[in-house]
Structures are given as C-alpha cells and as structure tokens.
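no sequence on hand, only this structure:
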C-alpha cells in the first residue's frame with residue numbers, strides 16, 4: 001500500500017468525523033483509529049494532520065471535476081458556458097456542505113490562509129488547463145486570479161443556498177461569469193486604443209515581459225524572464 005492509498009483511507013475515515021469535529025486533531029486521530037492506520041504512519045503521511053487531509057479532500061474534488069470535464073460533451077457550449085460548467089462540476093464534486101464549510105473555516109485561519117489560497121488557485125489553473133487555455137503571458141495570471149474569485153465566491157453562496165437544486169447558486173455563477181466576460185471586452189477595447197497604449201507604454205512594456213510558468217517544477221506560480 002503506497003502513501004496515496006494510506007491517505008485515501010485516512011480521508012475516507014475522517015469524513016465521518018469532520019462535520020462534528022471539524023478538520024481538527026480529534027478528527028485526525030479518530031480517522032487513524034477507524035481506518036486501522038498506525039498513528040505513527042498516519043503522522044508520517046500527513047505531518048500536519050487534518051490540514052493535510054483537508055487539502056487531500058480538495059484535491060479529490062479537483063480530480064472529479066477534471067474527470068467530468070473530459071467525459072461530458074461540452075463541444076456545443078459557448079466557451080463562457082464551459083467555464084461555468086467546470087465551476088459547477090467542481091462544486092457538485094462536494095457531497096457534504098458541512099465538510100466544505102468546515103474546510104472554509106480551517107483555511108480562513110491566518111496560518112492556513114496560504115494553503116487555502118494555493119488550493120483555490122490550483123482549481124482555477126486546472127479548469128483553464130483542461131479547457132485548453134494557451135495563454136503564456138500576463139493573461140495566464142489574470143485568468144486564474146479572476147476565476148479564483150468567481151469560484152470562491154460561488155462556493156460561499158452555495159453554502160448558504162437552500163433553493164431547489166441549488167438553482168440560485170447556478171444563477172449567481174452565471175452572473176459572475178457574465179461579469180468576467182464584460183471585463184474581457186473592456187481589456188480588448190483598451191488593447192486597441194491607441195491613446196491608452198501611448199500613455200501607458202512604459203508599464204505595458206514591463207507587463208509584456210511577464211511569462212507563464214514554463215516548467216511544472218517551478219516553485220512559484222510564474223517567472224520574470226528578464227531581458228531577452
């Protein structure tokens with residue numbers, strides 16, 4: 001049994017306790033007991049305990065989203081609808097609101113905030129990549145930043161949504177996506193505006209040097225290539 005199998009066993013066992021105990025040391029210890037995983041091995045696989053399991057739960061949701069993007073026929077959809085569908089797939093991958101709510105509380109803590117932001121950024125990156133994004137400049141960052149905001153705000157709306165079939169959430173998502181599309185139209189108009197390009201020639205030249213990550217092993221989400 002490899003590390004992933006052990007972590008999956010711990011996660012499956014923890015999900016029974018998280019709605020009551022949160023992503024806490026108590027839930028982690030109970031998961032180790034229920035799964036039959038030796039506590040020392042559990043700590044070796046998950047050094048940060050329940051935080052690592054919460055991140056594994058998020059990754060599991062991302063994996064299910066990717067599976068649906070690749071298996072469902074989205075070819076007839078407008079691109080903005082494909083993005084909305086991907087966000088919906090990701091939210092529907094969570095089968096227990098309370099588990100997600102507890103995760104939101106965990107990653108709202110200052111010492112876990114970076115992990116939470118990284119997980120949301122990762123979800124946005126997976127969506128754009130799965131949908132065929134080919135941007136390699138500053139747009140690589142703006143697309144993921146904006147979609148991270150759309151995804152996180154929609155999740156928060158969904159947590160409080162009691163409408164039939166979460167219809168109110170999907171309408172909220174559509175409005176957010178429409179807002180993004182309007183923003184992209186404004187960006188396109190500015191790119192074609194001669195006066196704007198003249199006034200901001202310096203900053204635009206600097207922005208034009210920004211490139212998307214070139215290697216999966218990069219420690220940071222991007223790079224500054226310097227003079228070329």
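Received, thanks. Small disclaimer: the values here were computed from a predicted structure and weren't measured.

for the rest of this, base every contact and every neighbour count on C-alpha atoms.
Fine.

all helices of this structure, in order?
3-14, 18-21, 25-35, 39-45, 50-71, 79-92, 97-108, 113-130, 138-159, 167-191, 194-199, 201-207 (DSSP state H).

gap between the fifth one and the chain center?
Between the mean C-alpha point of helix 50-71 and the mean C-alpha point of its chain there is a distance of 9 Å (Cα atoms, centre = their mean, to the nearest Å).

taking helix 79-92 as reference, get the angle to it.
Using axes from the mean of the first three to the mean of the last three Cα atoms, to 10 degrees, the direction of helix 50-71 lies 140 degrees away from that of helix 79-92.

what sits up against helix 50-71?
Contact with helix 50-71 is made by 7, 10-11, 23-25, 27-28, 46, 86, 89-90, 93-94, 103, 106, 119, 123, 126-127, 130-131, as judged by Cα atoms under 8 Å, 6 or more residues apart in numbering.

in ChimeraX, select just the buried ones from these.
Selection of buried members from the contacts of helix 50-71 for ChimeraX, criterion 16 or more other Cα atoms under 10 Å:
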select :7,10,11,23,24,27,28,46,86,89,90,93,94,103,106,119,123,126,127,130,131
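
turn the helices of the chain into CSV, columns for distance to residue 213 and mean pLDDT.
Putting the helices of the chain into CSV (distance: least, Cα to Cα, whole Å; pLDDT from 0 to 100) gives the following:
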stretch, distance to residue 213, mean pLDDT
helix 3-14, 27, 96
helix 18-21, 36, 97
helix 25-35, 35, 97
helix 39-45, 29, 96
helix 50-71, 20, 98
helix 79-92, 22, 96
helix 97-108, 26, 97
helix 113-130, 12, 96
helix 138-159, 9, 93
helix 167-191, 22, 78
helix 194-199, 26, 52
helix 201-207, 15, 50
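
give the contact list for residue 125.
Counting by Cα under 8 Å, 6+ apart, residue 125 has contacts residue 144.

and the gap between the nearest residue to residue 33 once chain neighbours are set aside and residue 49?
Residue nearest to residue 33 in three dimensions, not counting chain neighbours: residue 39, with 7.7 Å by Cα to Cα, 6 or more residues apart in numbering. Distance, residue 39 to residue 49, using Cα to Cα, to the nearest Å: 10 Å.

of the two, who's got more company?
residue 49 (19 against 15; other Cα atoms under 10 Å).

OK, contacts around that one?
24, 25, 28, 42, 43.

what sits against the last one?
Under the criterion of Cα under 8 Å, 6+ apart, the contact partners of residue 43 comprise residue 49.
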